[in-house]
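S.K.: Let's see this in three dimensions:
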Amino acid sequence: MKRVAERQITLTLTPAAKALLFREGYDPAYGARPMKRAIQRLIQDPLALKILDGAVKAGDSVVVDVDSKTGEMRFQQGQVKAGAA
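M.R.: Residues are numbered from 1 along each chain as shown. Down below sits the predicted model:
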């Protein structure tokens, strides 16, 4: 996430995105230890691909939400809608 900060890319997670991240990053046997892998798999890797594709550029603001049809993380440029934070 340091590289994202260096590029001045702002990430905002909606409550649905946070809930998915918490569900995927918590294991009753290991607690929150799997969280790092969940963050990498659900946010860092897809975001890196968007940066490489040029869909996300330096200075962009990105809203991370969950696609209601697929249940996967969705990245949109722009601001969070009122009440979504």
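S.K.: And residue 64, its phi and psi?
M.R.: phi -100, psi 120 (degrees, to the nearest 10).
S.K.: can you pull the contacts of it?
M.R.: The contact partners of residue 64, taken as C-beta atoms under 8 Å, 6 or more residues apart in numbering, are 11-14, 17, 43, 73-75. Using the backbone N, CA and C atoms, a C-beta is placed for each residue, glycine as well.
S.K.: Return the per-residue confidence for it.
M.R.: Note on residue 64: pLDDT of 95.
S.K.: For residue 22, see how far away the residue lying farthest from the centre of the chain is.
M.R.: Largest separation from the mean C-alpha position in the chain: residue 29, at 24.6 Å (C-alpha atoms, centre = their mean). From residue 29 over to residue 22 the distance is 16 Å, taken as C-beta to C-beta, to the nearest Å.
S.K.: Residue 4 now?
M.R.: 20 Å.
S.K.: Show me which of those two is the more surrounded one.
M.R.: residue 4 (19 against 12; other C-beta atoms under 10 Å).
S.K.: isn't the more buried one right up against residue 47?
M.R.: Yes. Contact status for residue 4 versus residue 47: in contact at 7.1 Å, counting by C-beta atoms under 8 Å.
S.K.: joint contacts of those two?
M.R.: Shared contacts of residue 4 and residue 47 (C-beta under 8 Å, 6+ apart): residue 11.
S.K.: ok so residue 42 is a helix residue?
M.R.: Yes. Counting by DSSP: H, G, I helix; E, B strand; the rest coil, residue 42 is found in a helix.
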